[in-house]
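In: Any chance you can model this:
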Amino acid sequence: MLSRHNSNKENEFPLQDPLANVFGSKGLAKKIPLASAQPNVPLPVSEEILEVSSAKMKKKMRPGAAKNARNLCALRWLKQVNTSGTTDKFRVYWDSLTAKHHEDYRLEAERLEREGKWTKPSDPAMCDGKMHERA
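Out: Coordinates of the predicted model:
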């Protein structure tokens, strides 16, 4: 117990150290009882959570509006190779192409834009053109 505070003589009450239950009088920690051991049982994971996380990983590939080599390749890949392809699968495909193939797509994308043929993604010039594929 701590000594009384002398400045407030109207309300005399003993002050108690709030950590007295944790630490002994000499400031050493008392033994704290261990929590009861529980078996390591995995928490149940709902199927909804699994479906949501799977859906995040398997998003359908949707090429952006930018008129560039990657989007041109993606439009053709979705039309000619994998109509329900995911972003992850297209990324693997795109990364497997050589630098020459990337350059071919870049040059073709620039030509289509320059000639005014890159108007909408469903145009035959966009989707039905040549796939610059790995050999």
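In: residues in contact with the lengthiest helix in the chain?
Out: Counting by DSSP state H, the longest helix found in the chain is helix 99-114. Helix 99-114 has contacts (Cβ atoms under 8 Å, 6 or more residues apart in numbering) with 67-73, 118, 125-126, 129-130, 132-134. (Glycine included, C-beta is placed from N, CA and C.)
In: Can you say which of those are buried?
Out: 68-73, 118, 126, 129, 132 (16 or more other Cβ atoms under 10 Å).
In: Could you dump the residues you listed into TSV and include distance to residue 101 and secondary structure?
Out: Formatted as TSV, these follow (distance: Cβ to Cβ, whole Å; DSSP: H, G, I helix; E, B strand; the rest coil):
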residue	distance to residue 101	secondary structure
68	14	coil
69	9	helix
70	11	helix
71	15	helix
72	11	helix
73	8	helix
118	19	coil
126	17	helix
129	13	coil
132	4	coil
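In: In a markdown table: these, plus distance to residue 96 and pLDDT.
Out: A markdown table is the format used below for the buried ones among the contacts of helix 99-114 (distance: Cβ to Cβ, whole Å; pLDDT from 0 to 100):
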| residue | distance to residue 96 | pLDDT |
| --- | --- | --- |
| 68 | 18 | 93 |
| 69 | 15 | 92 |
| 70 | 13 | 93 |
| 71 | 17 | 92 |
| 72 | 17 | 92 |
| 73 | 11 | 91 |
| 118 | 25 | 85 |
| 126 | 22 | 74 |
| 129 | 19 | 78 |
| 132 | 12 | 76 |
